[in-house]
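Novice: give me a 3D structure for the following:
(2 chains)
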Amino acid sequence: MTEKPKALGAELLIPLLALAFTIYFLTTTSAMEWEAKANGVIVGWVLIALVGVQLVRSAIDLARGRATLSFGPLIEPADAMRKRIGMLVVTIALVAGVPWAGVGLGLFVALAAGFAVMGVRPLRRILVVSFCVALACSLLFTVALDSGLPHGPVENLLLRAIR
Amino acid sequence: MTWDLLGQLFTNQLALWWIIWPGILLGIVVGFLPGFNAENTLIMLLPLTLAMPVEHAFAFMTSLYCATHLGGGIPAILVRIPGTPGAAATTLDGYPLTQQGRGQFALVLSFVASVFSGLIACLVTIALLPVLSTMGLYLRSVEMVVVMLFGLTLIAVIAAKDVLKGLIAGLFGLMIGMIGSDHIYNTPRATFGFLELYEGVPLVPALIGLFAVGEALMMAERRLIVGADVRERTTGRNWTQTLEALRYSVKRWWHIVWTGLVGLIIGIVPGAGASIASFVAYQQSRMWSKEPERYGTGHPDGVIAAEGGNNGVCSGTLVPMMALGVPGGSTAAVMMIVLQYHGMNMGPQLFSENPQLAYGVFVGMLLSYFFMIFTILPLARYMSRIVLIETTYLVPIIILVTVVAAFSERQYVFDMGVAVVFGIIGYIAHKTQYHVAAILIGVILGPIFERYLVRALRLSEGDPRILFSSTVGNALWALLVLSLLYPAFRAWRRKRGQAPA
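Specialist: A predicted model of the protein is given here:
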């Protein structure tokens, strides 16, 4: 049985991210007092060395045909990837929209969009579940726990009804 | 303290059941929700607790505090999302148990370990309060550097399966933990120009991202959290797993006791907390275990150790506040506000002037643990069925609700963005087998380790020999070396025993 080649494109993302951040840390702290950078320098250089070993190991695997530069494990299966990207877009939209829409309305719209992206049908079920979850969160976060989340039309209405 | 006083305190606290119970229920809910914890809930409820008589306020606050520690383990086990940072270590073995269709078993183990380690820690605190109150004075920066190393060595343990990947993940976490102002000059480091990162990477959004968002993105490719083969075991409508977990807990009573005591001792140190305690207890449990290779794959002892350490902390945190007037953690600081508002003097005089209150706090805690086990245990069977909800519903709810909850700790919308960024890192790490727990250990323990290390080195003007200058510190170094060498020694002995004569 032949072993499946390693997908190095995906495997190297974390090491490269770590390497980029370490270089950023070391360059931006180079002029600081030793107390401020000592720990970062020690950990950072060890990390650079380890990433170096990982890169060499990957290059050898690539040269021997035991690996490819594919991103396979991250993007497969394609159907799930569509859902993931959809969920990320919805989440980023929620983060951007929550300061003015408030947690209740923002969460309701985002949940409805999220359920649709994930393939929940029919529309009525999407709306009912989104409404129930958003209302429960609104009550819990803003009324019961008064967590300081941005208020929107739903929270203002709820608070007015309670007071 | 006399037996008469103890009996009287029990009677008094028992009469406060009507305030302990709501505290427990609210605490479990708050613990369950990532982003919320005892500290921010108690701050929100200050108007209520300040208006109560001080004994009532304390019964409510301590029961809520203990219950949040227990509640945090529930989502950690069921959906791999720690409700509180202290429950992060619980995911390591709790979630694999759920995936094997043993969610009910894992939940009951976690409840029993939480409650009994909390009880033991409470009893020890009541019996040895004068001794324990001075213990914090012996654990200074030098000793805490070694305690932190106990936790950090867990990175190496996690790395055992793929050393290079594990170490890269752990060190990446440590680097991320160094974002923010340094501990001596307050100079911002690697903040990407964001003012919101001057205090460091916010822990709760990082936790939510790495675990909740990352794991939910993984779930998108499955219809259910558990595989079809174990579904039947999960749907079984009986108490078998509950009884099995109770039997296992009785068998492993000593494990619960000593991990609880680890939590108690770490809790006494001001600034140290449940996340450190649970990782240290887990690491020690694995180091001394006869089957360390099973840890991380659903070993019941892993759940017991993490929850034991996590809950043993509760009494410990209150010791320096009650005995010395120094809050052991942020939650204790909020409780101190209530005490001061009522004109109570903190420190040794509290025990001579008002022993009813001083010891009553711990007796109240003891009772809330008793109430807790009877409240939560019957629910385990029903809670474990959460994993049967289809991921088409779970994924949007987990991602969106937890990202919103990321706001709660510091009340910055920025933190919701931090959760998304860590979610993407968490997803990539999950998919490419870079252990997210190793990243998280670095993020949690890194800044605390750096703080103690720099403080110690500053005291010695940069001379590293200070790290070996105290008796307690040296004893801890010896214990650390011993606990690291022991598994290798045991493996060598086992190999020698198996070798043909």
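
Novice: and the pLDDT for the closest residue to chain A within the stretch 351-500 of chain B?
Specialist: For the stretch 351-500 of chain B, the residue closest to chain A is residue B:396, as judged by Cβ to the nearest Cβ, at 3.0 Å. Any C-beta I mention is one placed from the backbone N, CA and C, and that applies to glycine too. Model confidence at residue B:396, expressed as pLDDT, equals 95.

Novice: please name the nearest non-neighbouring residue to it.
Specialist: The spatial neighbour of residue B:396 that comes closest, neighbours along the chain excluded (Cβ to Cβ, 6 or more residues apart in numbering or on different chains), is residue A:114 at 3.0 Å.

Novice: I figured the one you found hits residue B:398, correct?
Specialist: No: under the criterion of Cβ atoms under 8 Å, residue A:114 lies out of contact with residue B:398, with a separation of 10.0 Å.

Novice: lowest average confidence, helix or strand, in chain A?
Specialist: helix A:153-162 (a mean of 77; mean pLDDT, DSSP states H and E).

Novice: buried ones in that helix?
Specialist: Neighbour-count burial for helix A:153-162 flags A:154-155, A:158 (criterion: 16 or more other Cβ atoms under 10 Å in any protein chain shown).

Novice: packing partners of that helix?
Specialist: With contacts defined as 3 or more Cβ pairs under 8 Å, 6 or more residues apart in numbering or on different chains; DSSP states H and E, the secondary structure elements packing on helix A:153-162 are helix A:78-118, helix A:123-138.

Novice: right, so those helices: which one is the most enclosed?
Specialist: When neighbours are counted by mean count of other Cβ atoms under 10 Å in any protein chain shown, the highest per-stretch mean among the helices and strands packed on helix A:153-162 falls to helix A:78-118, a mean of 20.

Novice: centre of the chain to that helix, how far?
Specialist: Put simply, helix A:78-118 sits 13 Å off its chain's centre (Cα atoms, centre = their mean, to the nearest Å).

Novice: that helix to helix A:153-162, inter-axis angle?
Specialist: Compare the direction of helix A:78-118 with that of helix A:153-162 by axes from the mean of the first three to the mean of the last three Cα atoms, to 10 degrees and you get 40 degrees.

Novice: now do helix A:78-118 against helix A:123-138, angle only.
Specialist: 80 degrees.

Novice: quick one: mean pLDDT for helix A:78-118?
Specialist: Looking at helix A:78-118 alone, the average pLDDT works out to 94.

Novice: buried set for stretch A:33-47?
Specialist: Buried residues in stretch A:33-47, counting neighbours by 16+ other Cβ under 10 Å, are found at A:35-40, A:43-44, A:47.

Novice: relative to the whole chain's centre, how far out is that stretch?
Specialist: In terms of Cα atoms, centre = their mean, the centre of stretch A:33-47 is found 28 Å from the chain centre.

Novice: can you check stretch B:249-257 too?
Specialist: On the basis of Cα atoms, centre = their mean, stretch B:249-257 is displaced by 19 Å from the centre of the chain it belongs to.

Novice: what do you get for stretch B:285-298?
Specialist: 19 Å.

Novice: what do you get for stretch B:402-417?
Specialist: Centroid displacement of stretch B:402-417 relative to its chain, using Cα atoms, centre = their mean, is 21 Å.

Novice: how about it and chain A, any contact?
Specialist: Yes: figure legend: stretch B:402-417 in contact with chain A (Cβ under 8 Å from any Cβ of the partner chain); contacting residues B:403-405, B:407-408, B:411, B:413, B:416-417.

Novice: any buried residues in that stretch, and which?
Specialist: The neighbour-count criterion (16+ other Cβ under 10 Å) identifies B:402-410, B:412, B:414-417 as the buried residues of stretch B:402-417.

Novice: likewise for stretch B:47-62?
Specialist: Of the residues in stretch B:47-62, those scored as buried under the neighbour-count criterion (16+ other Cβ under 10 Å) are B:49, B:52, B:54-62.
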